[in-house]
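Q: model this:
(one chain, ligands or ions: 1)
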Amino acid sequence: MIRHLRRTVAPVALGAVVVLGLAACGGTTRDSVEAEQPGPAGEPAATADPNAPTREGLKIAFLPKQLNNPYSDVETGGGEEAVTELKGEYKLVGPNDASASSQVSYINTLIQQQQDVITIAANDANAVCPSLQQARDAGIKVVSFDSDAAPECRDVFINQATTEGIGQGLVQMASTLAGGQGEIAILSATPNATNQNAWIEVVEQELQKPENSGLQLVATVYGNDDDQKSFQEAQGLLATHPNLKVIVAPTTVGIAAAARYISGSEYKGRVAVTGLGLPNQMREFVKDGTVAQFALWNPADIGYLAGYAGAALASGQITGAEGETFSAGKLGEYTIGAGGEVVLGPPTVFDASNIDQFDF
Ligand code: RAM
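A: Below you'll find the predicted structure:
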């Protein structure tokens with residue numbers, strides 16, 4: 001569930017909360033941590049040595065969904081900070097669009113360059129899988145972040161928050177803004193994005209619950225994380241569904257474009273916009289009354305955590321098995337959960353009362 005998080009909550013404390021939460025549900029023991037996990041191509045991987053020194057000079061590459069997305073810039077900025085702290089070599093590459101296969105050629109180049117770690121926000125869980133598998137066969141550690149690759153093709157996944165928590169939070173905000181009654185629509189990113197689809201699935205499940213029976217999801221459309229297309233899709237939603245009460249955009253590109261459209265249209269004050277947005281992009285729409293509330297985590301922390309997870313893998317401190325722990329600099333200690341997933345922490349809800357406290 002999305003909850004209000006004060007900016008004053010120290011990042012270390014947030015990390016500690018996550019560790020406690022995962023340890024409590026996982027029930028993992030030391031023995032299972034040390035059990036051999038299958039490695040690339042089914043070979044047994046080395047056992048984790050939590051006391052192994054962190055290697056210096058590691059080549060850690062970041063491959064976000066697309067380069068011309070302000071969210072990705074913040075995310076990879078956090079990655080660069082981590083790699084600098086770790087005395088590694090940072091590299092940033094990526095496509096200009098978030099289409100399904102746009103990342104494959106970049107992965108192949110990173111393999112040729114013998115990177116130690118590839119971190120990736122996957123545009124399509126399966127399209128990148130064969131190349132990532134080749135990378136792992138070549139001894140490269142693979143960390144997915146933000147949007148997961150198929151689990152068999154990566155070592156760990158850095159999830160920004162729990163998938164359930166994000167989906168439930170989106171419905172909660174939509175319900176509040178709609179007063180519990182009326183039509184809502186989703187404006188998503190690309191149709192193949194792992195993260196978007198996982199959140200939409202939870203939204204659909206939540207809408208089946210009796211407490212949400214007053215809400216009708218009338219459409220799900222895709223702006224492809226392209227500003228212009230997202231703007232047009234928002235426009236199209238209102239043309240087709242004039243009684244729409246809320247646009248829910250779980251993408252920073254989509255929510256900013258939808259807010260821009262609504263704020264300059266006859267629908268301002270009648271149609272609410274919510275979802276996941278960057279405070280710096282959304283500030284003007286909160287101030288002009290178009291957006292009452294939306295949520296996000298700090299994207300820089302995801303990149304930072306991905307960098308530290310990559311270094312821990314490449315240093316042999318972790319293998320990606322549930323229950324293993326690693327240290328992520330200023331964010332504190334993290335524990336790997338089920339399915340190799342590491343959860344950053346609960347998102348923050350932004351509104352007029354707190355938006356000026358954030359700068360990303
Ligand atoms: C967009 C991307 C990204 C998502 C954020 C919330 O920038 O789709 O993957 O996590 O929005």
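Q: which residues of the chain score low on pLDDT?
A: 1-46 (pLDDT under 70).
Q: Could you tell me which residues of the stretch 1-150 of the chain lie near the ligand?
A: 65, 69, 71, 121, 146-147 (C-beta under 6 Å from any ligand atom). The way it works is simple: take the backbone N, C-alpha and C, and place the C-beta from them, glycine included.
Q: Give me the buried entries from the residues you listed.
A: 65, 69, 71, 121, 146-147 (16 or more other C-beta atoms under 10 Å).
Q: Can you tell me what sits against the helix or strand hosting Lys229?
A: Using DSSP states H and E, Lys229 maps to helix 227-240. When contacts are defined by C-beta atoms under 8 Å, 6 or more residues apart in numbering, helix 227-240 is touched by residues 185, 187, 219, 221-224, 244, 247, 249, 251, 253-254, 256-258, 260-262, 265, 267, 271.
Q: Assign a three-state SS to Asn197, would you?
A: For Asn197, the assignment made with DSSP: H, G, I helix; E, B strand; the rest coil gives helix.
Q: Check Lys245 too.
A: Put simply, Lys245 is strand when judged by three-state DSSP.
Q: Can you tell me the closest non-neighbouring residue to it?
A: Spatially, and ignoring its direct neighbours in sequence, Lys245 is nearest to Gly182 (3.8 Å; C-beta to C-beta, 6 or more residues apart in numbering).
Q: Smallest gap between the chain and the ligand, at which residue?
A: Tyr71 (3.3 Å; C-beta to the nearest ligand atom).
Q: what's the spacing between the nearest residue to that residue once chain neighbours are set aside and Val74?
A: Nearest-residue entry for Tyr71: Thr252, 4.3 Å, with adjacent residues in sequence omitted and distances by C-beta to C-beta, 6+ apart. Distance of Thr252 to Val74, given as C-beta to C-beta, to the nearest Å: 9 Å.
Q: In terms of neighbours, single out the busier of those two.
A: Per other C-beta atoms under 10 Å, whichever of Thr252 and Val74 has more neighbours is Thr252, with 24 against 20.
Q: Report the contact partners of the more buried one.
A: Contacts of Thr252 (C-beta under 8 Å, 6+ apart): 69-71, 276-278, 281, 296.
Q: among the residues you listed, which are in strands?
A: Leu296 (DSSP state E).
Q: got a markdown table for the contacts of Thr252, with distance to Gln134 too?
A: Output for these, formatted as a markdown table (distance: C-beta to C-beta, whole Å):
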| residue | distance to Gln134 |
| --- | --- |
| Asn69 | 26 |
| Pro70 | 31 |
| Tyr71 | 28 |
| Leu276 | 32 |
| Gly277 | 36 |
| Leu278 | 34 |
| Gln281 | 37 |
| Leu296 | 34 |
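Q: Pull out the buried residues from the contacts of Thr252.
A: Judged by 16+ other C-beta under 10 Å, buried ones among those: 69, 71, 276-278, 281, 296.
Q: out of those residues, who's nearest Leu313?
A: The closest of the buried ones among the contacts of Thr252 to Leu313 turns out to be Tyr71 (C-beta to C-beta; 24.5 Å).
Q: So the closest one is in contact with Pro299, correct?
A: Yes - Tyr71 is within contact range of Pro299, at 5.4 Å (criterion: C-beta atoms under 8 Å).
Q: joint contacts of these two?
A: Common neighbours of Tyr71 and Pro299, counting by C-beta under 8 Å, 6+ apart, are Leu278.
Q: How about the contacts made by Cys129?
A: Taking C-beta under 8 Å, 6+ apart, we find Cys129 in contact with 149-150, 152-153.
Q: sorry, that was for Met173
A: Contacts of Met173 by C-beta under 8 Å, 6+ apart are 2, 248, 274-275, 293-295, 349.
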